[in-house]
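Novice: From the sequence below, what's the structure:
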Amino acid sequence: MAKRYFGTDGIRGRVGEAPITPDFVLKLGWACGRVFSRGWQGKATVLIGKDTRVSGYMFESALEAGLVAAGVDVKLLGPMPTPAIALMTRNQNAAAGIVISASHNPFFDNGIKFFCDQGSKLTDEIELAIEAMIDEKMTTVESAALGKATRIVDAAGRYIEYCKATFPEGRSLRGLKLVIDCAHGATYHIAPQVFTELGAQVEVIGAAPDGFNINDGVGSTAIELLQAQVVEKKADVGIAFDGDGDRVLMVDAQGALVDGDELLYVLAMHRVATGRSDPGVVGTQMSNMGLELALAEQGLQLQRAKVGDRYVKELMYANGWRLGGESSGHIICSDVATTGDGIVAALQVLSAVVASGKSLSELRSGMKSLPQIMINVPTPPSGWGDHTDTPVGAVCREVEAVLEGRGRLLLRPSGTEPVVRIMVEGEDESEIKGLAERVADVIRSSA
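Specialist: Model prediction:
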């Protein structure tokens, strides 16, 4: 059954436009309360965290009211990274955790993400159950059964200690100079303390949120400022988080970007070197072919999941593997975290730097990424369905014939934006750029 509201990662859109409106989020909170209470012993508790965008106040209140009306207790965490809510959901024995965030999107967007009681993303079945409950008439439990709302005042401190505990005991970051970009987002009061308390010399940018500047020229989607700062400050490593802290990209001492695929390679090689490697790593359809080739040289597999960290984790679990992630910087180390965690992933990479005595540039040198061209085209008004017997399908077959054995073409509708993403990968950058534009022109003309 097709979902009407849930996308790749929760529900997301422009604030004030359906479904990201106060009345819908109120009903969503109530529907979640009803669904998460099913089979729960006693009164269920749901945690709510958020990033730093100004609309978070409004949606926090709406969710709280809906959950309380459904008879669910609420614990408010305030601005916290998304993976912190996953952790606290487990630690607080809560029925679910909710994050108000649009991740890497601008401040005028927002969204609602969910974790189950085990700190993992919701299954399709639970998402469909919530959507079905939204269609029901909203009712309020008797006053004696209403939920209560309280605030966890030490949530930040708890998460900081957890992050530090994922770094190998007996090691420190002393001697490393880091530049950290918090994207004016949810890591602004967390990440600087974590890396400083582990001994690093830390320079911080993007840590002055005002409700409107989240992801604005900073963070993992605007890496140029960090690259310049790493070179200017003569730092060893730059670390860029996105608005809600569940993804990370890094910059080496020369100012070169180290993306999610290369971070996975560094982590996989460190695990090989320390005898902790699994037979393979999970990536996505977007993972660079260079990662696949580099892993194969070390006898490791790359298996590709659908785009979305929940699908990465599902395939990791099915294979019994502990490492997976996306090019965008969602890195899951399931032996230390249940979901993508930017701070924890960065610490795992820095652990490899410290243990090896090598620079990040040296550690990533064994992987050679193939050029990739990505073009976003607005989704046609008719939607995006089977295009096999259309001009789009015809041009795709032509491009695939050109690339056969030397690259890949991937088309997919975004789960977070109204666009179709075109990715072409191959050996010759000018060639694949022309091929990508060719496909994009056909999609545009078919609108």
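Novice: Quick check: the residue nearest to T390 when sequence neighbours are not counted vs S382, distance?
Specialist: Nearest-residue entry for T390: S446, 6.7 Å, with adjacent residues in sequence omitted and distances by C-beta to C-beta, 6 or more residues apart in numbering. Yep, even glycine has a C-beta here, placed from its N, CA and C like the rest. In this structure, S446 and S382 are 9 Å apart, going by C-beta to C-beta, to the nearest Å.
Novice: residues near the closest residue to T339 other than its chain neighbours, how many?
Specialist: With C-beta to C-beta, 6+ apart as the measure, A86 is the residue that lies nearest to T339, at 4.7 Å, once sequence neighbours are left out. Using other C-beta atoms under 10 Å, A86 has 27 other residues around it.
Novice: A86 against G97, yeah?
Specialist: Yes: using C-beta atoms under 8 Å, A86 is in contact with G97, at 6.2 Å.
Novice: Name the residues of the worst-scoring helix or strand of the chain on mean pLDDT that come out as buried.
Specialist: Least confident helix or strand of the chain, by mean pLDDT, DSSP states H and E, is strand 408-413 with a mean of 90. Taking 16 or more other C-beta atoms under 10 Å as the neighbour-count basis, strand 408-413 is seen to contain the buried residues 408-412.
Novice: Quick check: what element follows it along the chain?
Specialist: Taking DSSP states H and E as the definition, the helix or strand that follows strand 408-413 towards the C-terminus is strand 419-425.
Novice: re the thing from before, so between S446 and S382, which is more surrounded?
Specialist: The residue with more neighbours, out of S446 and S382, is S446; 14 against 8, by other C-beta under 10 Å.
Novice: Quick one: residues contacting the more buried one.
Specialist: Shown in contact with S446 (C-beta atoms under 8 Å, 6 or more residues apart in numbering): 380, 390-392.
Novice: Check L76 too.
Specialist: Listed by C-beta under 8 Å, 6+ apart, the contact partners of L76 are 47-49, 60, 64, 149-152.
Novice: Closest one of these to V282?
Specialist: G49 (26.4 Å; C-beta to C-beta).
Novice: wouldn't the closest one be in contact with I100 here?
Specialist: Yes: checked against C-beta under 8 Å, the pair G49 and I100 is within contact range at 7.3 Å.
Novice: quick one: which of the two has more around it?
Specialist: In terms of neighbours (other C-beta under 10 Å), G49 is the more surrounded of G49 and I100; the figures are 31 against 27.
Novice: tell me the secondary structure for the more buried one?
Specialist: Per DSSP: H, G, I helix; E, B strand; the rest coil, the local secondary structure of G49 is strand.
Novice: and it, how far is that from A345?
Specialist: In this structure, G49 and A345 are separated by 19 Å, where distance is defined by C-beta to C-beta.
Novice: wait, what's in contact with the residue nearest to T339?
Specialist: Counting by C-beta under 8 Å, 6+ apart, the residues that A86 touches are 97, 115, 119-120, 337-339, 341.
Novice: Okay, it and N215: tell me how far apart.
Specialist: With distances taken as C-beta to C-beta, A86 is found 21 Å from N215.
Novice: How about M88?
Specialist: Counting by C-beta to C-beta, the gap between M88 and N215 amounts to 24 Å.
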